[in-house]
Structure formats: structure tokens, C-alpha cells
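>>> have a look at this prediction, sequence included:
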Number of protein chains: 2
Amino acid sequence: MNDFVFHNPTMVIFGRGRTDEIGKVTQPYGKRVMLLYGQESARKSGLLARVGSSLTAEGIEFIERGGVQPNPLLSFVRESVEIFRAENLNAIVAVGGGSVIDSAKAIAAGVRYAGDVWDFFDAKAQVKEACPIMVVLTLAATASEMNNGCVITNGDTQQKFAASGPPLFPRVSILDPENTFGVPLDHSMYGAVDAIIHVLEAYLTGVSEPTPLQDRLVEGLIPTIREAADAILLDPCDYDARANMMWAASLALNGLTTAGVNDYNFPMHMIEHSLSALYDISHGAGLGIVAPAWMRDECSRAPRKFAHFAERIFGITGKDDTHVALAGIEALENWFRELGVPVRLGEADIPGADIPRIAENAVMLAKRWGMGKVYDAARIEGVLRRAD
Amino acid sequence: MNDFVFHNPTMVIFGRGRTDEIGKVTQPYGKRVMLLYGQESARKSGLLARVGSSLTAEGIEFIERGGVQPNPLLSFVRESVEIFRAENLNAIVAVGGGSVIDSAKAIAAGVRYAGDVWDFFDAKAQVKEACPIMVVLTLAATASEMNNGCVITNGDTQQKFAASGPPLFPRVSILDPENTFGVPLDHSMYGAVDAIIHVLEAYLTGVSEPTPLQDRLVEGLIPTIREAADAILLDPCDYDARANMMWAASLALNGLTTAGVNDYNFPMHMIEHSLSALYDISHGAGLGIVAPAWMRDECSRAPRKFAHFAERIFGITGKDDTHVALAGIEALENWFRELGVPVRLGEADIPGADIPRIAENAVMLAKRWGMGKVYDAARIEGVLRRAD
């Protein structure tokens, strides 16, 4: 097992109706907070008013700040930093999914930093301080509610970059599965794909030494997410399915499944980030396209581990590891199709002719994420052609 | 899924040689600390000197306090509280396994409390404050290094009671698998049994609603612990086996496998605590005796779940759940025997004639742990007779 530090101080409050506790848990951290949200669905569902009432009941003043976009933008973050300062706020309550929480993290780091917030994403500065962040989660997908990372898109440069740091763990995240009942089915399924790929990245890349415990955690999370996704498709208001999906997605990227894994990386996310930096596509949908393509490209390099995946997740057995591995990838892809998730570039209206441009963008990320030696433009193009 | 709060702020520093970081991580919490340990093996192995050097290098003064016993005693805790105060200390560094860490927690709560420390165990007071605790773990077993509970024995009343509270999470726990190379094989195996029973308690009692994710986490931990135990028997210095055992044992009782499980309880620990309160027996050895007996007594009440255990852990299948369940319990018991762990009272020199006396002690615990309505003396005696 590899050496690691595991430290996840976020308090998760999980269950039906626990949204109403947001005021009480925010109270120790701020008297004037930014209530951050995305689209107007949060208002229409009544959730925003409910959160506002809970804050007011605890004597907490708040400024509403809406409009976070699905692939959240640096420009919005910068404006929000200015508003936070001008309004003399001291904490952020994020009501939303990964985009809103990621924006909250960027803003939280920005308000305690004298320079430009993009410095954290452009590797010019490290996050050493941040204002407190509380979360009311509305989408099971990214695990941003239980980790210290965030991803922001610079619209000017078309760079979708990540930043992280211990101060960015939310202090408290409220996971109330009922808040996800209204998530449209397509986005619910993109969330399932995102969570599954989160655990598969390290599972399939960190293969230099055996990590049986971490593998088994992954092999427990994936079937749970699959069962939950299938049940949600049948009944979007199935509480247990939404609850299992929500908790599994949080555990899928909270540091647990990667702790102790050697030399893992995030190549599928790396390539996908370029897709959603360049096109109006949901991250989970982009992963549906990239993941099977990357897996087919990669499986000959670690056929035993890919075959292990096929055996443990889909019960596929056979003598030849590569055959078993490919059958497993096909089973995963077929299941993505059943969920209505795109698995080819064309299904998301991304022309095959754009592949070199996407690869060029991804090369930039490959370098930043320590994969520059392995992933040059030719190799990334090779992966993307498998999705053409 | 049941509602829950998951909050585990302990920082785990895991890996080879990381013991030497103890000074650095203690530095923010204390300038004069109690260096708490158990028997002289910690000194003989050189570990105590190594920890002392690391503290000294950071300018931290320390008072050595050794002599914690395997079933740690209230009298020792009370004396330590007095020493801590007299020496004007401000934190505790615990070098040891569950007994030392549990004692550290009791002392840490005691020094910030005006009354008698037993009040926390006797349900007369709640732990609201504690001095900071740092850990260098030397035994994979109890998970005390990553939870906020502790168990102390009152020698005068022969009560082995538990206390818990958020301030009792260690701030930092160093898990250096090499520190467990020297643990005698019998105690290493008792640790494996303890960790397995930790996860089986909620798995086998929290059966009122399905919790597929939590079940799968357990079904991932148990085989990992089994493989690691078997490998340690062959080679006590197998780093990966010791590492897998160490991390699996921590995850086995850090709140992860129980979060979301309904109405679970700890009946096997309840009965065992009376064994080790009354006799000089290791907790893990006591569990080896109690667990198969309790499982045989219980399995007719939830045959499907016990059969599920037999299927997933031992690959036993069949048409009749009770038959499958009993075969699974036998397989577990046989494996305990292979480890050299006692599975009958007589194997630990506990006379069958004492069963009423043990049951009488356990009834007290059953009431305190909310199982008073289910576990009267007759039922506990019935369980223990299966171990006679």
C-alpha cells in the first residue's frame, strides 16, 4: 500500500428534512452570508426560501447570489468575490450541485487572497485560507460536498482547471435525498456516470501494486450506484434509491477509495474537461463518451485489472483477460446507453473533425495533472477517435 | 437508509517511517505533553525513544506515563488525571493500541472536567471538552485511533463501560504498519477478530431496512482482514499484510460502515465486555468465544441476512437460509480456530459454572446500551451456553 494522509473534516448531515438544519449549523460560522445558487429551479422548488427561512430563524443575514452555470465560470467567481467583499460577508451557503459548490470554494478562497483567484487554478498560488463554506446538496454526482477540490472554467482562455486545498472542505454538508427528487432524469444519470468514473479512475490507473481493500470499496460502490440509477429511472422519487445514490456519490470522491493507491491519475476526467470546456455538454455526459473510449484504449496496458473489473462488476469470466476486459467495457457502455447517456461524440453533436482541437486543449491539462509524459496529442486523439 | 451524521475529523498519517512525524504534528497542540504507553515492549522496541526524539526535536517537553493494562483501568486513568494537572501538561501522545488510546481519551476528558472521570462512563456526564490527543498506533484492532469512543474498566465494581463524544477524536493518528511487526501473533489475530466483529455487529443487527452500500463496505473489509491475517501468520513482517490489516481495522469502526444503518446494536461486544471485565482475557479472544455463540443464537431471527453473510463471505449457497447461515457461522468459527483464537469458554479457562455470573454482569451493560428489553439474563445465559 502506498503512503497517504487521510483527513476529511466535513460534517455530513444526512436524511429526510434535514435541510432545515442549515441555519443552526451555519450559525457558528457567519452572521452575514452569501446564499449561492445556480438556476431558478432552486427558487421554484421552494428550496431557496426554505434555506432562507432557516438562516433567518438563526438571526443570519444573507445576500442571494444566483446564476452559477453548469460548467461554472471564472468571471462569475470574480464578480462574486467583489460582492462578498463589498457586502462585508463572512461565509458562504451553497445550495446546489457540484457547479455551485465548486464556485463557492473558488469564491471562498478568493475573498481571503489579495491576488486574482485564477492564480489558484493556474498553479501560481496555493489555497492557504478560505472563508467557511456550508452546503445544501441538490445533485448526487461530484462529491464536491465532501472534498476540497473545485473545477472552474476560464471562458477567455477555454481552460477548465482545478484547484484544491484543506481550507476548501465544506464545514457542513446537508445531504437531504428529497432535494434530488426533482433533478431531471438525464442529469441524475450523468451524476451516476460521474460517480462511477470517479472511482474507476484510480481503480484502473493505480495498478502498479495491489490494493485489495481499495478495490473492494470501489466494487461495493459501483453496483450500489448502478442499482440506484436503475431504480431512479423507474421512480425519480424513490427515497432509498436517491439516498443510496447520494451517499455513494459522496464516498466516491472523498479520498476514501484513493487513499493508499499508488500512482493513480484521472485521465478520463482530463480528456472530458476539455470536452466541457469547449462545448455546452454536462460533465457526466462527456464522461459517458470519454470513459468507454479511454478504457478500450487503455485495457491492453493492464488487462488483468480491466478483466478484474469485468468479473467483479458484470460477472463476466473467461480465459483471456483482454477478451473479458473488452466485454466488461462493452457491458458498461451498454448500461450507459440504457441510462440515456451519450457514448459517442456525435450523440452530443460534437463533430469528429474537432478531435485535434479537443486533444490540443487536453494536452494542456495532461501536463498540469502530471500526465504530460504519457498523454501527448496523438494519444489523446487516439482515445477520442474510439468515440467518433 | 436511516438518517445519520458522519463527522470524523481525525487526520490519519499512514505509511512506513511516518512515526517520525509525531513531533511535527503534535507541535500545534502542546508544548508539554503526557507520553502515554502500555507495557515495556514500547520501550524495548525503541519506539518510545523514537517518539521522544521526534517530540524533543520540535521543542516539546514530555512526561512519560507507562503501565496501561490490556483492559485499561479506571484507577490508572484517575491517577493520570492528577499527574497531568500537577505537571501542567496540555496534550497527550498515546503510543499503543486500543487500551492506551482509550486511556488517553478518558484522561483527556478527565482533565477538563471538575468531577470524577467515571461520570462519563456511568452516564452521569457528557464529554464536552478534552485536551488534544495524538496517536502512534501499535496494534490493528479497535479503531480507537479513528473514532471518539473509549472503554474503561472499573476494577472496584467490575464494570467495563464505554464513553464517547466529539472532543475525543484524536487530532492526528500515525499509522505506521512497521510498528505492528513485533505484535505477538496471538494478539495480532485477536485484533483481526475484533475488527471483523466490529463490522458484523451492525451488519447482522441493523436488518430492519436494506442498506446495500453499507453491506458491501463490510463485505469488502472482512475478506481483506481475512487475507491479511492469513498472510501475517505466514510472515509477521509482511508489510502489505500489516498495512491492509491496519487500515481495514481503522475503517471497521470509524463510523463509515454504520452510517445509515437502522437500529443496529453491539450485542457481541456487550457480552464480551463482561467476559473481559471478569477474567484476564483479551477482548479479541473473548469475541472469538462470544461471536459464533451469539450468531448461532441469533440467526433464526434474521436468517436471510445471516445467509447473505455466508454467501458473500464464504461463498456458501443453498436453498435453506438457516442451513446456509449455520454453515457460514461454522466457517467463521473454523477460521477463528485456524488463527489460534479460542472459540469456547473452556479454551480460555472460563468455567461453564460461571455463566450466570457473566450474564448478570452483561445485563447491566445491555440496559446501558439500549438492549435491556431484548437481553435479559436468561437470553444471555442461552448465548453463553452455546460457547460452553
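Good, I have the coordinates.

>>> contacts, neighbours, all on C-alpha from now
Fine.

>>> ends of stretch A:18-26, what's the gap?
Using Cα to Cα, to the nearest Å, the end-to-end distance of stretch A:18-26 comes to 13 Å.

>>> how far is that stretch from where the chain is centred?
24 Å (Cα atoms, centre = their mean, to the nearest Å).

>>> in that stretch, what counts as buried?
Buried positions in stretch A:18-26, judged by neighbour count with 16 or more other Cα atoms under 10 Å in any protein chain shown: A:R18, A:T19, A:D20, A:I22, A:G23, A:V25, A:T26.

>>> export the residues you listed to a markdown table and append columns for distance to B:Y37.
Below are those laid out as a markdown table (distance: Cα to Cα, whole Å):
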| residue | distance to B:Y37 |
| --- | --- |
| A:R18 | 42 |
| A:T19 | 44 |
| A:D20 | 45 |
| A:I22 | 42 |
| A:G23 | 43 |
| A:V25 | 37 |
| A:T26 | 39 |
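
>>> tally of neighbours for the residue in the stretch 251-388 of chain A that chain B sits nearest to?
Closest residue of the stretch 251-388 of chain A to chain B, Cα to the nearest Cα: A:G260 (8.3 Å). If you count neighbours by other Cα atoms under 10 Å in any protein chain shown, A:G260 ends up with 25.

>>> residue contacts, it?
A:M1, A:N2, A:D3, A:F4, A:T211, A:Q214 (Cα atoms under 8 Å, 6 or more residues apart in numbering or on different chains).

>>> could you rerun that using 10 Å?
Going by Cα atoms under 10 Å, 6 or more residues apart in numbering or on different chains, A:G260 touches A:1-6, A:206, A:209, A:211, A:213-214, B:14-15, B:243-244, B:247.

>>> now A:S80
For A:S80, the contact set (Cα under 10 Å, 6+ apart) comprises A:34, A:36, A:65-66, A:74, A:86, A:103-104, A:106-108, A:110-111.

>>> doesn't it fall inside a helix?
Yes. Counting by DSSP: H, G, I helix; E, B strand; the rest coil, A:S80 is part of a helix.

>>> nearest spatial neighbour of A:Y264, skipping sequence neighbours?
The spatial neighbour of A:Y264 that comes closest, neighbours along the chain excluded (Cα to Cα, 6 or more residues apart in numbering or on different chains), is A:G206 at 4.0 Å.

>>> about what we covered before: inside strands: which ones of the contacts of A:S80?
The strands, defined by DSSP state E, take in A:M34, A:L36, A:R65 from the contacts of A:S80.

>>> ok so, going back, what's the pLDDT at the residue nearest to A:Y264?
Per-residue confidence (pLDDT) for A:G206: 95.

>>> and if you look at A:G30?
A:G30 is given a pLDDT of 88.

>>> for chain B, what are the nearby residues on the stretch 151-300 of chain A?
A:171-176, A:209-225, A:227, A:239-245, A:247-248, A:251, A:256, A:259-260 (Cα under 10 Å from any Cα of the partner chain).

>>> name the SS class of the most centrally placed residue in chain A, please.
The residue lying closest to the centre of chain A (Cα atoms, centre = their mean) is A:T142, at 2.5 Å. With three-state DSSP as the basis, A:T142 sits in coil.

>>> quick check on it: phi, psi?
Note on A:T142: backbone dihedrals following degrees, to the nearest 10 are phi -90, psi -20.

>>> contacts only, for the closest residue in space to it that isn't next to it in sequence.
Counting by Cα to Cα, 6+ apart, A:G98 is the residue found nearest to A:T142 once chain neighbours are left out, at 5.4 Å. For A:G98, the contact set (Cα under 10 Å, 6+ apart) comprises A:70-72, A:104, A:137-145, A:150-151, A:191.

>>> and A:Y375, by the same measure?
A:P267, A:M270, A:I271, A:A359, A:A362, A:V363, A:M364, A:L365, A:A366, A:K367, A:E381.

>>> most remote residue from chain A's center?
Of all residues in chain A (Cα atoms, centre = their mean), A:K319 lies farthest out, 35.7 Å.

>>> lovely, talk soon.
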